[in-house]
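>>> Generate coordinates for the sequence data below:
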Amino acid sequence: MDSQHSLLSAAVQTGASAARRFLVLFLPSWPTDYLKRRDGQLQGPLVLHERIKGGLRLAAVDAEAARRGLSIGQNLADARAMVPDLTVREMDRPLLEAAFADFADWHSNASPLVSVMTDVTGFGDLVLDITGVAHLFGGERAMLRLLLTRLRDLGYTVAGAVASTIGAAWAVSHFARSQVLEQADLETVLDALPVQALRLAPAQVAGLTQMGLKSIGQLRQRERKPLQARFGVSLLTRLDQAYGLIQERMTPRLPMAERYAERRFADPIGLMDDVLMTCHDLAIQLSIRLEAEGQGGQAFHLFLYRVDHKVMALSVNSARLTRDPEHITKLFSNRSERLEGEYDAGFGIDMIRLAVSSVAELDAVQLGAFSHQGVAEDLDQLNDRMSSRLGIMAVLRTQLVESHIPERAARLVPALAASNDQARDRAWPLPPRPLRLLPVPEMVAINAEVPEGLPASMIWRRESYKIEKASGPERLGAEWWRSGQRLQLVPTEPPKKGETPPHIPNLALFEPDAVTRDYYVVEDAAGRRFWIYRQGFHRDGEPAVWYLHGFFA
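Now for the predicted structure:
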C-alpha cells in the first residue's frame, strides 16, 4: 500500500467530527492456540490449569476439549477422569500476556490504533479504531472478513464485530455471530444480549440474575438509582458506554505517528541489509512529504512486521529537526550494529513502516558558498550517530546551570537533549573560569604575608609552589536554599537497556554555612596558573582553610 494513502492519513482526512468505528477481535482459545503454534508437538485435547481457591482448576481449554465436555473452572481431577487422553499444562500468565501484547502490536498493520482489552483478562480481546481506515480494505465487512480469515489460517479460533462503541463491539463479538453492527441496529441487537455482555463482575452478574434481569433490554427498563445503590456506578457506566452515552477511550500500545511511510513485501525478507535498504527508501519518501509540508522531525521509529505475528520496533532520536534521508538511515544503521545480536527476523518480515514523531516546522535554508552555518549541524549529526551507536548516555555535553558556585554551574547532559539550551548557554556571560575544574576541591597549605593578604606560597600534594603573581579576590556567597543537596554531575535516571551508565562520583552534600569563598588566580615561577580560594575568615586566631579548585594552564 502506497505511503501517500497510509492508514493514519486516511483516518486524519476523515476529520474529528466523523463517528468513531471500532473493531473488536475475540480469541477465546488464545492460550491453547498460541502454545500449539509455539510447540508443534502439543496436540489436543489441551487444557491449562492453575491453582484457584486452594485447588487445581482449568483456566483455559482448546476447542477439542470443549467439545468433549470440559470447561473453564472445572476441577482438574474431574477433567482427567472425563478425558483420559487429556494433555495438561500449567498456565503461565506473564508469558501469555507478553505474547498477546506482541500479537496486538502486529495488528497495527491494519490500523495504527490498537489496544489490548484487559477488562476480563490480559489476553484474548483486541480493539482496533478503524475510523476512516476500513475503505482501504474495501469496507468494514471486507476488513473484518480479512482479519478473521488470516487469523483462522494461522490456527486461531476467533470472532469479531464492528460497532460505533467499544462496548457494543465487544458484546457482539462475544455473544453474537461475527457481524458489522450499524448504528441504527445498535439498540435492537444489544437489548437481546445477556447482561454478561456488559463486561460486568461475576458478583454483579449473579445479583442481576437473582433479580430476574437476564438481558440488557430488561436491565435498561429498570430505575437507575436502585441499580446504582445495589451494584455500584460501574454497572451504569458499562451500560452507557455500550450505547454510546459515555465515551470509552482506548490506549494504543504503539506511539501514534501522524506521518509515516510503509512497504509490504510479496515475499518476506530477513537480512538486516535488506531492512536498511528499505529503510533508506522509506526515509526518502518520508523526507519528500516532510519537505512538502515544511516540517522536520526529531524522533524516528522503524517497525518490522514479522509473518509470525510479531513486531520489532527500533527508535532513534536526532539532536535537531531533520528530514535528511541519509542522516536518518545512518542513525538506524548505527543502532542496528548495537542490536545485531538481538535481531531476529523469525520466518521473515512482510512489512516495514518508518514513522516520525516530535514534528515541528523546519524551513528550507540556502547556505552561501563560504558560509559556516552548517558546522553546528554537522556536529549535531555526529553526536546523533555516536549516540545511536554507543548509547544516549555515552555522548554527553556540558550544560550551564543557574548557579554561581563553580562546581554547580555546569553539568553533563546527553548531547541529543541539549540542543534547546545551546542558545541560552552561549548568551550567558561568565567571569573567567579555569580550563580544568576539579569536581571536589582539594585542600592546600597557603603562606601569606598577612592573614587576609595575597598568597606567597602553596603546598599541594606534598609539593611546594612559590607564588610569583596573584590577583583577586572574587567573593562568592552561599546559596542557602540548596542546603543538604548533592551535586548531580550527570543525570541519575537508570540507563535504558543496552546503555552503559556513566561514572557518577559520590560528591559531598552542599553546606551553605561553609561556602563563603574568596577566589584568587595565582601563578608560580614556572608559569603555571591555579585557581584557589579561601573558605571562611580568620576568627579568634584560627586560620582560614584554603582549597585548590582548578587550573588555567
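
>>> Of all the residues in stretch 244-255, which ones are buried?
Residues 244, 248, 250, 252-254 are the ones in stretch 244-255 that count as buried (16 or more other CB atoms under 10 Å). To be clear about C-beta, it is placed using only N, CA and C from the backbone, and glycine gets the same treatment.

>>> Sticking with E248, tell me its helix or strand.
Of the helices and strands defined by DSSP states H and E, none includes E248.

>>> Now do the same contact list for it.
By CB atoms under 8 Å, 6 or more residues apart in numbering, the contact list for E248 reads 165-167, 241.

>>> Just the closest of the buried residues of stretch 244-255 to R264, please.
L254 (17.5 Å; CB to CB).

>>> Next SSE downstream of the helix or strand bottoming out on mean pLDDT in the chain?
Taking mean pLDDT, DSSP states H and E as the measure, the chain has helix 7-14 as its least confident helix or strand, at a mean of 40. For helix 7-14, the succeeding helix or strand toward the C-terminus, using DSSP H and E, is strand 22-26.

>>> elements contacting that following strand?
Contact here means 3 or more CB pairs under 8 Å, 6 or more residues apart in numbering; DSSP states H and E; on that basis strand 22-26 packs against strand 125-129, helix 140-153, strand 159-163, helix 166-175.

>>> partners of the first one in the sheet?
Meaning strand 125-129. strand 22-26 (antiparallel), strand 114-116 (antiparallel) (DSSP bridges).

>>> Let me have the helices and strands packed on strand 22-26 in a markdown table, extended by mean neighbour count and mean pLDDT.
Converted to a markdown table, these look like this (neighbours: other CB atoms under 10 Å; pLDDT from 0 to 100):
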| stretch | mean neighbour count | mean pLDDT |
| --- | --- | --- |
| strand 125-129 | 24 | 92 |
| helix 140-153 | 16 | 92 |
| strand 159-163 | 24 | 94 |
| helix 166-175 | 25 | 93 |
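
>>> returning to that earlier point: please flag which of the buried residues of stretch 244-255 sit within strands.
The strands, defined by DSSP state E, take in nothing from these.

>>> Pull the most distant pair out of the residues you listed.
For these, the maximum inter-member distance is 26.0 Å, found between G244 and L254 (CB to CB).

>>> and G73, what does it touch?
52, 57-58.

>>> Do a quick rundown of the helices in the stretch 1-150 of the chain.
According to DSSP state H, counting those that start in this stretch, the stretch 1-150 of the chain carries its helices in the segments 7-14, 30-38, 63-67, 76-82, 93-106, 140-153.

>>> tell me the domain ranges of the protein?
For the chain, automatic domain parsing gives the domain ranges 20-41+91-190, 42-90, 194-245, 259-360, 434-551.

>>> want to throw those domains into JSON lines with distance to I405?
Listed next are these as JSON lines, based on distance: least, CB to CB, whole Å:
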{"stretch": "domain 20-41+91-190", "distance to I405": "47"}
{"stretch": "domain 42-90", "distance to I405": "59"}
{"stretch": "domain 194-245", "distance to I405": "55"}
{"stretch": "domain 259-360", "distance to I405": "28"}
{"stretch": "domain 434-551", "distance to I405": "6"}
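
>>> Any idea which of those has the lowest pLDDT on average?
Least confident of the domains of the chain, judged by mean pLDDT, is domain 434-551 with a mean of 75.

>>> who wins for neighbours among the contacts of G73?
L58 (23 neighbours; other CB atoms under 10 Å).

>>> show me where the stretch 451-553 of the chain has strands.
Counting by DSSP state E, counting those that start in this stretch, the stretch 451-553 of the chain has strands at residues 455-460, 463-476, 517-524, 529-535, 545-551.

>>> Which one, of those, ends up nearest to D92?
D92 lies closest to strand 545-551 among the strands of the stretch 451-553 of the chain, at 58.1 Å (CB to CB).

>>> What pairs with that closest one, parallel or antiparallel?
strand 436-448 (antiparallel), strand 529-535 (antiparallel).

>>> which one of those is the most hemmed in?
When the strands paired with strand 545-551 are scored by mean count of other CB atoms under 10 Å, the highest mean neighbour count falls to strand 529-535 (a mean of 22).

>>> what comes into contact with that one?
Against strand 529-535 from outside (CB under 8 Å, 6+ apart): 433-434, 437, 441, 444, 446, 455, 458, 465, 473, 476, 514-524, 544-553.

>>> Please indicate which of those residues are buried?
434, 441, 444, 446, 455, 458, 465, 473, 515-524, 544, 546-550.

>>> about what we covered before: for the strands of the stretch 451-553 of the chain, which one sits closest to G217?
Across these, G217 has its closest neighbour in strand 463-476 (78.0 Å, CB to CB).

>>> Convert that closest one to CSV, retaining C-alpha atoms only.
Output of strand 463-476 as CSV, limited to C-alpha atoms (Å, rounded to 0.1, in the frame of the first residue of the first chain):
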residue,chain,number,x,y,z
GLU,A,463,54.9,19.7,46.5
SER,A,464,55.7,23.4,47.2
TYR,A,465,54.9,26.1,44.7
LYS,A,466,56.2,29.7,45.0
ILE,A,467,53.6,32.2,44.0
GLU,A,468,55.0,35.0,41.8
LYS,A,469,51.8,36.7,40.8
ALA,A,470,48.3,36.7,42.3
SER,A,471,45.0,38.6,41.6
GLY,A,472,41.8,38.7,43.5
PRO,A,473,39.7,38.1,45.4
GLU,A,474,36.4,37.2,43.8
ARG,A,475,34.0,36.6,46.6
LEU,A,476,31.2,34.0,46.2
